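Novice: A structural model of the following input is requested.
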Amino acid sequence: MTDFICDQTFTSKDYTQTRLRRAEYENCIFKGCNFSNGFLDNQNFMECTFTDCNLSNVNLTNTIFKEVEFEHCKMMGMKFEDCNSFLMTFSFRDCTLNFSSFYGLELKRLQLNDCRLISVDFTDCDLTQSTFDNCNLEKAIFIGTNLSKVDLSTSFNFSLNPEENQLQDAKFALTGLPGLLGKYKIKVIP
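Specialist: Next comes the predicted model:
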């Protein structure tokens, strides 16, 4: 039987050598914790917040994230497709997600604000109605991605092929045109 931990705050804990106790965490706050290269596999996080944490390269096998917020976190090299995707919902604010992967996930209405998403893999994702607000998408991979009704109007450095992705009603700024037309070797002059 799995432990149930509710309404607790974990501050400045180091889980790189000793793993977080296996449990179901509800409405908990993780502040300034280091999980880097550690294990969060088979954990269940519901309505939790991670603030100023390092989760880079953490093992996420069968991890559940339901209504989880990540703020000011370093999350490089994370493989979100290894998570349990049932009812998966999370949001990111001012996070570094470079080299992470969301391959094949359904993440409708995903919220990413002020994030660094360099070389992030969104292949085969359903990102319908998601918002990328002021995000750096340099070398992010969009292949077979559903970007219908996605707002990319304030994001930058992205490059995506309109022929390989669904873009119905997606929002782009004029400054984003080079990222859409790069495949055609067209020069957009401001």
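
Novice: Any regions of this protein where pLDDT drops low?
Specialist: Applying pLDDT under 70 to the chain flags the ranges 1, 186, 188-190.

Novice: now the strands: where do they sit in it?
Specialist: In the chain, the segments counted as strands under DSSP state E are 3-6, 9-11, 23-26, 29-31, 44-46, 49-51, 64-71, 89-93, 111-113, 131-133.

Novice: Turn those strands into TSV, columns for mean neighbour count and distance to residue 180.
Specialist: Heads up, the C-betas are built off the backbone N, CA and C, glycines and all. Putting the strands of the chain into TSV (neighbours: other C-beta atoms under 10 Å; distance: least, C-beta to C-beta, whole Å) gives the following:
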stretch	mean neighbour count	distance to residue 180
strand 3-6	12	46
strand 9-11	13	43
strand 23-26	18	41
strand 29-31	19	38
strand 44-46	19	36
strand 49-51	20	33
strand 64-71	19	28
strand 89-93	18	24
strand 111-113	19	19
strand 131-133	20	14
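
Novice: Adding distance to residue 121, write these out as CSV.
Specialist: CSV is the format used below for those (distance: least, C-beta to C-beta, whole Å):
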stretch, distance to residue 121
strand 3-6, 32
strand 9-11, 30
strand 23-26, 27
strand 29-31, 25
strand 44-46, 22
strand 49-51, 21
strand 64-71, 18
strand 89-93, 15
strand 111-113, 14
strand 131-133, 15
